[in-house]
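Novice: Provided below for reference: sequence and predicted model.
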There are 2 protein chains.
Amino acid sequence: MLIVPEREIADLMTRDAAFDAVEKVFAAMAAREAYNFPVVREAIGHEDALYGFKGGFDQAGLTLGLKAGGYWPNNLEKRGLINHQSTVFLFDPDTGKAKAMVGGNLLTALRTAAASSVSIKHLAREDAKVIGMIGAGHQATFQLRAALEQRNFEKVIGWNYHPEMLPNIEKVASEAGLPFEAVELDGMKEADVIISITSAFAPSLMADHVSPGTHIACMGTDTKGKQEVEGALLAKASVFTDEVAQSITIGEAQHAVAEGLIEVSDVAEVGAVINGTNPGRTSAEQITLFDGTGVGLQDLAVAAAVVDLAVEKGIAIEVDF
Amino acid sequence: MLIVPEREIADLMTRDAAFDAVEKVFAAMAAREAYNFPVVREAIGHEDALYGFKGGFDQAGLTLGLKAGGYWPNNLEKRGLINHQSTVFLFDPDTGKAKAMVGGNLLTALRTAAASSVSIKHLAREDAKVIGMIGAGHQATFQLRAALEQRNFEKVIGWNYHPEMLPNIEKVASEAGLPFEAVELDGMKEADVIISITSAFAPSLMADHVSPGTHIACMGTDTKGKQEVEGALLAKASVFTDEVAQSITIGEAQHAVAEGLIEVSDVAEVGAVINGTNPGRTSAEQITLFDGTGVGLQDLAVAAAVVDLAVEKGIAIEVDF
């Protein structure tokens, strides 16, 4: 039994390793070699916490297990701990024995950032120059940092409901040597790639804020009721997702489908694009939209990668369990 | 983070501690202070394994977490490992951080045995003398050993589909200094308490195999389609269970309810008897039946108890996670 504590993850895990792991598991999902289990998510009635399990099995990568944890809204204020707390447990699919336990907090941020990056790699125009950020919280910095590695971006523009947070993403832009500009939502027309990463319950980005040829990654909507972009934008776009079942129920597509603006069959898996069974972007004018809902297999994939790295570097704690 | 490996459980955990933990959590469930989460159970398509998660939260005992694992039917033959493999993970309900990891194999056997014992304590006649066993596998020995502590039994009788396995339970009887007799199912009329612990998909014990005043604990049915006793027996009995929702869907009561022989409202929680809000047995002629389906909270309760014992004895492995 191997243990990789949270404190080791930052030095072990790279954006590249997270990208590879997530790209591979999205491909395995689309090839029906990997699947996610039903998600358990419970308001436990204590500390206002949401707690649950996201599990899955990847027969291609032989990764089995779950992420357990959730959201403890009082952690930071009461205890100086981060509010999102999670742990990944991996099992040996040949025997059912527990195999590894890995801190899941930073991994969750990295796998979410990797997902929008995978969508940019496979769906954005090769000549994309301007990236627009909607949202400027902690997670937005992860999304932007990972995205900048996918194209030769020349400029970052950003909008946030609380503009005083924009310096968070401006800082990432300047670390990458790129100019940053705060814009109104309407200014997103300049962007070739847009990432939205908010926890909004009403759309910010409207269909007419988006120019032809843009790729949009909607990364914030993971619950019934949340919404970042107008349904009409999905109707104008070719829509891709990590998992169709989640996209249409708890993802961004829940609204467009409910409003009758798109059909369930209009939502394709990004993994199929990776595998070459879906053509993905077929023109420079096409709008592509990735609805990133977040699946357990992403967590398992990055955790398995970090365990390998920890073993390689002699950092994994071995317990005779 | 505390770790209690499987190999330590046998020396740490007592039947008494398991009994107390299970009795307490059944009571908390009936008082609505503890609840189980939806169960995840997946045929993963690898090694014919069934894998899943049983989680819950006990606000009274502040126990939060899950049992993960399942059934790997080829383990014993291929690898010399037991086929049921499980691990319990406990979380701090105040923060969401992982708190303990505990080997769950022996604990599962002990908590299942504790459940029928709790039902015997609270529902069997005080003057019960003869205990009947239906089933003589490995788990049957746990059920019998625990049950013998609840009343002054004077004799053990047993029936098994494969009679050559009966020496398993005969051995437990003779360890307790009690005579054992192999009987036909019809011979169960002599029993004051009957425990059925098989994995049958058709009933063995019929209504007319059971005398007035008997308490029956049905411990084997935990899946749609399994069945140990005739539906008509539930119609004749006062029916109790660990969790009503499981009892009527995957427990023994699934059949009697589906056949219209009993109503959902006829199934009561044994926890309510423990709490004194349900009178339980009210006459010496009444047949009582406990439908033990097995809930995640039982696993969490015995795991929390074993962590306390391991800490007390300095055996818990502490990892800076």
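Specialist: Sure thing, it's come through. Numbers count the residues shown, from 1 in each chain, chains lettered A, B, ... in the order given.
Novice: count of residues packed around A:Glu154?
Specialist: 13 (other CB atoms under 10 Å in any protein chain shown). Glycine gets a C-beta too; all of them are placed from N, C-alpha and C.
Novice: wouldn't it be in contact with A:Ile131 here?
Specialist: No: A:Glu154 is beyond contact range of A:Ile131, at 9.2 Å (criterion: CB atoms under 8 Å).
Novice: Quick check: closest non-adjacent residue to A:Thr214.
Specialist: Closest residue in space to A:Thr214, ignoring its immediate chain neighbours: A:Ile287 at 5.5 Å, by CB to CB, 6 or more residues apart in numbering or on different chains.
Novice: residues contacting the one you found?
Specialist: A:Val210, A:Pro212, A:Gly213, A:Thr214, A:His215, A:Ile216, A:Leu233, A:Lys236, A:Ala237, A:Ser238 (CB atoms under 8 Å, 6 or more residues apart in numbering or on different chains).
Novice: make it 7 Å
Specialist: A:Val210, A:Pro212, A:Thr214, A:Lys236, A:Ala237 (CB atoms under 7 Å, 6 or more residues apart in numbering or on different chains).
Novice: Now do the phi/psi pair for it.
Specialist: phi -90, psi 130 (degrees, to the nearest 10).
Novice: and what of A:Trp159?
Specialist: Taking degrees, to the nearest 10 as the convention, A:Trp159 sits at phi -140, psi 140.
Novice: Report the beta-bridge partners for it.
Specialist: Applying DSSP bridges to A:Trp159 yields these beta-bridge partners: A:Ile134.
Novice: how far away is it from A:Val183?
Specialist: 6 Å (CB to CB, to the nearest Å).
Novice: Looking at the two, which has the bigger crowd around it?
Specialist: The residue with more neighbours, out of A:Trp159 and A:Val183, is A:Trp159; 25 against 18, by other CB under 10 Å.
Novice: and the more buried one, what pLDDT?
Specialist: pLDDT recorded at A:Trp159 is 98.
Novice: So which residues of chain A form helices?
Specialist: Applying DSSP state H to chain A gives helices spanning A:6-12, A:15-30, A:75-79, A:105-123, A:138-147, A:167-175, A:231-236, A:244-247, A:253-258, A:270-275, A:296-312.
Novice: how about the nearest residue to the closest residue to chain B within the stretch 201-321 of chain A, chain neighbours excluded?
Specialist: Per CB to the nearest CB, A:Phe321 is where the stretch 201-321 of chain A lies closest to chain B, at 4.7 Å. With CB to CB, 6+ apart as the criterion, A:Phe321 has its nearest non-adjacent residue at 3.6 Å, and that residue is A:Met1.
Novice: Surely that neighbour and B:Val4 touch.
Specialist: No: in this structure A:Met1 lies outside contact range of B:Val4 using CB atoms under 7 Å: 12.0 Å.
Novice: Compare the two (neighbour count), which wins?
Specialist: B:Val4 (25 against 19).
Novice: any idea how far the most centrally placed residue in chain A lies from A:Gly132?
Specialist: Residue closest to the mean C-alpha point of chain A, counted by CA atoms, centre = their mean, is A:Thr112 at 2.6 Å. Counting by CB to CB, the separation of A:Thr112 from A:Gly132 is 18 Å.
Novice: repeat for A:Ala305
Specialist: Distance from A:Ala305 to A:Gly132, by CB to CB: 30 Å.
Novice: next one: A:Asn105
Specialist: Distance of A:Asn105 to A:Gly132, given as CB to CB: 27 Å.
Novice: Test my guess that A:Thr141 contacts A:Glu170.
Specialist: No: counting by CB under 7 Å, A:Thr141 does not reach A:Glu170; the two are 10.2 Å apart.
Novice: Now A:Ala136. Its backbone dihedrals?
Specialist: Note on A:Ala136: backbone dihedrals following degrees, to the nearest 10 are phi -140, psi 30.
Novice: residues contacting the nearest residue to A:Asp58 once chain neighbours are set aside?
Specialist: Counting by CB to CB, 6+ apart, A:Asp58 lies nearest to A:Ala34, which is 3.7 Å off, once chain neighbours are set aside. Shown in contact with A:Ala34 (CB under 7 Å, 6+ apart): A:Val25, A:Ala28, A:Gly56, A:Phe57, A:Asp58, A:Gln59, A:Ala60, A:Leu297.
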